[in-house]
Every structure is written in structure tokens, then in C-alpha cells.
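Asker: Provided below are the primary sequence and the corresponding predicted coordinates.
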Amino acid sequence: SQTIHQWPATLVQPVGSPLSLECTVEGTSNPNLYWYRQAAGRGLQLLFYSVGIGQISSEVPQNLSASRPQDRQFILSSKKLLLSDSGFYLCAWRTGSPGEKLFFGSGTQLSVL
Amino acid sequence: AQSVTQLDSQVPVFEEAPVELRCNYSSSVSVYLFWYVQYPNQGLQLLLKYLSGSTLVKGINGFEAEFNKSQTSFHLRKPSVHISDTAEYFCAVSENTGGFKTIFGAGTRLFVKA
């Protein structure tokens, strides 16, 4: 069966420090991968998605970047965190069909202080 | 580009009462529609989805939703809610023309009171 792993679960970082959040999927190949940020009252904001290795689409211009170095690995990064980067980050995957559901990871609560 | 509007940020309702959570979408092409639920301290899970065919779709836990193309709506309903239905509900849309994005609404927090 397919599983999605996301870590760490919580992270407290100072302003200006770098960030690396990792997500891996098991039990499937060539998944579509997604990074969302969940904020109260704003729902899930799509940040990045990837349909293949090295292919990244950015939805929101911001202080973050994403990479997909391997088929089932998706990384969210920042060189210098801002206070506004605080939030709950969710990784998700689905098959290639847009009619299929998303499978979500357990999320990372990021606090930038 | 597609967008989703959930018209109510919070919906308080008494137990055993009916509830409707509203969702409107905007897209220039045909779409697939979804409702996800997030129970307290849990991850998101799919409640139901509309792909094609009958405009009334049934999901888990007694929920159903109706697709209305002319009104670009996909409202979620349950005839009698339980305390355990307290959760946040998200409407989402994917374009079915080979697009890869799934866009979510801002969410509706359903609070069921005894």
C-alpha cells in the first residue's frame, strides 16, 4: 500500500535561518507531488507541485522553493526564513489523473521567531 | 485559472439538525469537485467527489453533495448531524483537461452543539 512520510512534525526556526522540509512517498511510482500551506481562515494554499523529477511549478511567488531530486522525494526549502513563513505545511500526492483524490502527509508545524 | 469560494467560515448547528455547507467555484473549463474533511488533530481525508454523471453524490458518514453547473456550486449537506461531525470541511476543484492542480477553498468550520 502507498504511504507518505513528512518530517519533521514541528520546527521552530529563527528569522533568517534556512529551511528544509522533506516528503517521501512509498508504494507508487511517478506520483504528482504537492506542497500546501494551511493557515487559519485561508484554507490550503497550493505552493508548489511537481509532475516528474526536476519538474517544479510554483503557484505563489514567495521566499520558498521546491525540488524533486528523486521520483518519490519532494523537498521544500528556504535560504532565509521570514516571520510570514510560519504555518502548517502539508505534502500530498496523487496519481496522474485529476479526478483522483489527494493523499496527505501528517504535516509540519513551522514557527519562525 | 480555477478558484473556490466557501461562503461560510463557521457554521454552528445543534445535534440532529440538518446542515448545508456552501461552495462555489470558478473555472473556464470542466472540473472535478471534491469535499475533504479534517477532524481535530487529524489529517485531511476525502469525504466525496464529483467526476461526472449523477449530480447528486453520496459520501462517507451520511454526507452528500449536489453539483449545479449553472450556479457553479457544489454544496455539502447532511440531514442530521452528530457531535462527531465537528470538523473543518474543505471544498476543492481540479480541472479535468489534464491539469495537475487541486485548489482548495478557505474551509468551513462545522461546530455541532449538544
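Answerer: Good, I have the coordinates.

Asker: List of residues touching stretch B:69-82?
Answerer: B:13, B:15-27, B:33, B:35, B:47-48, B:50, B:55, B:61-68, B:85, B:89, B:91, B:110, B:112 (CB atoms under 8 Å, 6 or more residues apart in numbering or on different chains). Where you see a C-beta, it was placed from the backbone N, CA and C, and this is true even at glycine.

Asker: er, stretch A:43-57 actually
Answerer: A:30, A:32-39, A:58-60, A:62, A:64-71, A:74, A:76, A:90, A:96, B:6, B:44, B:90, B:92, B:100-107.

Asker: For the residue nearest in space to the middle of chain A, pull up the helix or strand it's in.
Answerer: Nearest residue to the geometric centre of chain A (CA atoms, centre = their mean): A:Trp35, 3.0 Å. Per DSSP states H and E, A:Trp35 falls inside strand A:32-39.

Asker: how about the residues of chain B near chain A?
Answerer: B:6, B:9, B:32, B:34, B:36, B:43-44, B:46, B:49, B:51, B:90, B:92, B:94-96, B:98-107 (CB under 8 Å from any CB of the partner chain).

Asker: Drop anything exposed from those residues.
Answerer: B:6, B:32, B:34, B:36, B:43-44, B:46, B:49, B:51, B:90, B:92, B:94-96, B:99-107 (16 or more other CB atoms under 10 Å in any protein chain shown).

Asker: Count the neighbours of A:Thr3 for me.
Answerer: By the criterion of other CB atoms under 10 Å in any protein chain shown, A:Thr3 has 11 neighbours.

Asker: what do you get for the one 5 residues further on?
Answerer: Using other CB under 10 Å, A:Pro8 has 11 other residues around it.

Asker: and the closest residue in space to it that isn't next to it in sequence, how far is that from A:Ser20?
Answerer: By the measure of CB to CB, 6 or more residues apart in numbering or on different chains, the closest residue to A:Pro8 outside its immediate chain neighbours is A:Thr108, 6.1 Å from it. Noted for A:Thr108: a distance of 11 Å to A:Ser20, by CB to CB, to the nearest Å.

Asker: about what we covered before: who are the neighbours of the strand holding A:Trp35, in terms of helices and strands?
Answerer: strand A:19-26, strand A:43-52, strand A:73-78, strand A:87-94 (3 or more CB pairs under 8 Å, 6 or more residues apart in numbering or on different chains; DSSP states H and E).

Asker: now, of those, which is deepest in the fold?
Answerer: With neighbours taken as mean count of other CB atoms under 10 Å in any protein chain shown, the helices and strands packed on strand A:32-39 reach their highest mean count in strand A:87-94, at a mean of 22.

Asker: Check which element follows that strand along the chain.
Answerer: Counting by DSSP H and E, what follows strand A:87-94 is strand A:103-104.

Asker: what angle sits between the following helix or strand past that following strand and strand A:32-39?
Answerer: Remark: after strand A:103-104, the chain's next helix or strand is strand A:108-112, criterion DSSP H and E. Angle between the axes of strand A:108-112 and strand A:32-39 is 50 degrees (criterion: axes from the mean of the first three to the mean of the last three CA atoms, to 10 degrees).

Asker: Quickly run through the sheet partners of strand A:108-112, with directions.
Answerer: With DSSP bridges as the test, strand A:108-112 is paired with strand A:10-13 (parallel), strand A:87-94 (antiparallel).
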